[in-house]
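Q: below: sequence and its predicted model.
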Amino acid sequence: MRIDLERVLLDKISDLDTLKSKVVFWQSEGDKVVFTNGVFDLLHIGHITYMAKAADLGDRLIVGLNADGSVKRLKGESRPVNDQANRAALLAALFFVDGIVIFDEDTPLNLITTLLPDILVKGADYTIDNIVGAKEVIANGGEVKTIDLVEGYSSTSIIQRIKNSGT
């Protein structure tokens with residue numbers, strides 16, 4: 001089997017206007033659109049499990065990916081380890097991810113209010129009342145759900161283990 005990686009990336013990684021058009025089309029076809037977001041710096045089994053569970057909640061999974069500048073503001077100057085192009089390409093390679101949009105704001109509120117997904121998903125380390133965009137999705141008739149995270153997996157803990165192994 002031959003995979004045209006460039007075509008996969010072009011099909012899945014979009015600007016917000018293009019992705020909005022796709023979402024409107026998918027929803028008009030009766031598809032439930034699920035949205036989640038994150039840094040996804042060092043892709044690990046916790047990320048894969050989380051996104052697969054999110055994808056199972058609907059028909060199309062959209063991922064809002066923090067841009068490099070946003071990651072630096074949120075996580076510190078040493079992050080991200082992988083730049084946004086590489087992180088987006090890895091997410092695009094996942095068969096259950098249908099769309100990716102990179103955003104530079106500190107929160108995905110603009111993405112959520114523009115895309116108006118049917119289901120907004122975050123990890124269970126959040127509560128619905130502190131999930132950005134929850135009120136807007138619910139007001140539009142959508143749902144907000146949390147997903148349990150896989151214990152012991154985070155990019156931060158992996159980075160720390162790598163640092164500790166070098167000493």
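A: Alright, I've got the coordinates.
Q: shaky segments in the protein?
A: 1-5, 8, 152-159, 161-163, 166-167 (pLDDT under 70).
Q: if we go to 80?
A: 1-10, 150-167 (pLDDT under 80).
Q: top helix in this protein by residue count?
A: Across the chain, the longest stretch assigned as helix under DSSP state H is helix 16-28.
Q: got the CA positions of that one in PDB?
A: Only the C-alpha atoms of helix 16-28 are listed here, as PDB (Å, rounded to 0.1, in the frame of the first residue of the first chain):
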ATOM      1  CA  LEU A  16     -10.100  27.800  10.400                       C
ATOM      2  CA  ASP A  17     -12.300  29.000   7.400                       C
ATOM      3  CA  THR A  18     -11.700  25.800   5.400                       C
ATOM      4  CA  LEU A  19     -12.300  23.600   8.400                       C
ATOM      5  CA  LYS A  20     -15.600  25.500   9.200                       C
ATOM      6  CA  SER A  21     -16.800  24.700   5.700                       C
ATOM      7  CA  LYS A  22     -16.000  21.000   6.200                       C
ATOM      8  CA  VAL A  23     -17.800  21.000   9.600                       C
ATOM      9  CA  VAL A  24     -20.900  22.700   8.100                       C
ATOM     10  CA  PHE A  25     -20.900  20.000   5.300                       C
ATOM     11  CA  TRP A  26     -20.400  17.100   7.700                       C
ATOM     12  CA  GLN A  27     -23.100  18.300  10.000                       C
ATOM     13  CA  SER A  28     -25.500  18.800   7.000                       C
END
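Q: the helix or strand just after that helix packs against which elements?
A: Where DSSP states H and E defines the elements, the next helix or strand beyond helix 16-28 is strand 33-38. Counting by 3 or more C-beta pairs under 8 Å, 6 or more residues apart in numbering; DSSP states H and E, the packing neighbours recorded for strand 33-38 are helix 16-28, helix 45-55, strand 60-66, helix 109-115, strand 119-123. Any C-beta I mention is one placed from the backbone N, CA and C, and that applies to glycine too.
Q: quick one: closest of those to residue 139.
A: Closest of the helices and strands packed on strand 33-38 to residue 139 is helix 109-115, at 10.1 Å (criterion: C-beta to C-beta).
Q: check the gap between residue 29 and residue 118 for me.
A: 12 Å (C-beta to C-beta, to the nearest Å).
Q: OK, contacts around residue 64?
A: 35-38, 100-103, 108, 111-112 (C-beta atoms under 8 Å, 6 or more residues apart in numbering).
Q: try it again at 10 Å.
A: Neighbouring residues of residue 64 by C-beta atoms under 10 Å, 6 or more residues apart in numbering: 16, 19, 35-38, 99-103, 105, 107-108, 110-112, 115, 117, 133.
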